[in-house]
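Trainee: Build me a model from this:
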Amino acid sequence: QVQLVESGGGLVQPGGSLRLSCAASGSILRIYVMGWYRQAPGKQRESVAAITSGGSTNYADSVKGRFTISRDNANNTVYLQMNSLKPEDTAVYYCNADIRTVIATIPYNYWGQGTQVTVSS
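Mentor: Residues are numbered from 1 along each chain as shown. Down below sits the predicted model:
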């Protein structure tokens with residue numbers, strides 16, 4: 001019914017940049033908070049950044065000043081611009097969103113399939 005599809009991951013050298021995108025599709029009535037999480041091998045999934053429908057943002061301390069989250073409400077898309085990447089940013093990055101569909105009375109939480117980001121020389 002609802003799909004979140006990420007794109008933009010890949011291999012980048014330390015200090016480089018990547019831009020992740022996540023497009024939501026389906027019978028969407030409204031999207032509330034959208035965000036990005038990441039999970040490195042052997043570690044728990046952690047929140048990276050989030051943005052409300054009004055544009056308020058918050059970031060993990062580890063990415064503040066380097067990553068920027070933004071969204072295009074008209075196209076149900078969220079972005080994560082990642083600059084000054086470090087090897088410790090290597091992880092699978094997941095898109096997450098609270099979405100109310102046309103047949104639901106409350107929003108539900110949805111996940112994308114993940115995209116690999118590898119920072120290595």
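Trainee: Check which helix or strand the spatially most central residue of the chain maps to.
Mentor: The centroid of the chain falls nearest to W36 when counting by C-alpha atoms, centre = their mean (2.8 Å). Assigned by DSSP states H and E, W36 falls within strand 28-39.
Trainee: May I have that strand as CSV, with CA atoms only?
Mentor: Listed next in CSV are the C-alpha coordinates belonging to strand 28-39 (Å, rounded to 0.1, in the frame of the first residue of the first chain):
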residue,chain,number,x,y,z
ILE,A,28,-1.0,8.5,0.8
LEU,A,29,-3.2,11.0,2.5
ARG,A,30,-0.6,12.7,4.6
ILE,A,31,3.1,12.3,5.6
TYR,A,32,4.1,13.5,9.0
VAL,A,33,7.7,13.1,10.2
MET,A,34,10.2,11.7,7.7
GLY,A,35,13.7,10.6,8.8
TRP,A,36,16.8,8.7,8.1
TYR,A,37,18.3,5.9,10.3
ARG,A,38,21.5,3.9,9.8
GLN,A,39,22.8,0.6,10.9
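Trainee: Quick one: list the elements packing against the following helix or strand past that strand.
Mentor: The helix or strand immediately downstream of strand 28-39 is strand 46-51, counting by DSSP H and E. Helices and strands touching strand 46-51, by 3 or more C-beta pairs under 8 Å, 6 or more residues apart in numbering; DSSP states H and E, are strand 28-39, strand 57-59, strand 67-72, strand 77-82. From N, CA and C alone the C-beta is placed, and that goes for glycine too.
Trainee: among those strands, which is the most enclosed?
Mentor: strand 77-82 (a mean of 22; mean count of other C-beta atoms under 10 Å).
Trainee: Run the angle between that strand and strand 67-72 for me.
Mentor: Strand 77-82 and strand 67-72 are oriented at 160 degrees to each other (axes from the mean of the first three to the mean of the last three C-alpha atoms, to 10 degrees).
Trainee: Quick check: G16 touching L85?
Mentor: Yes: proximity of G16 to L85 meets the contact threshold set by C-beta atoms under 8 Å, at 5.4 Å.
Trainee: re the thing from before, closest to Y94 out of the helices and strands packed on strand 46-51?
Mentor: If you check each of the helices and strands packed on strand 46-51 against Y94 by C-beta to C-beta, strand 28-39 wins as the nearest, at 4.7 Å.
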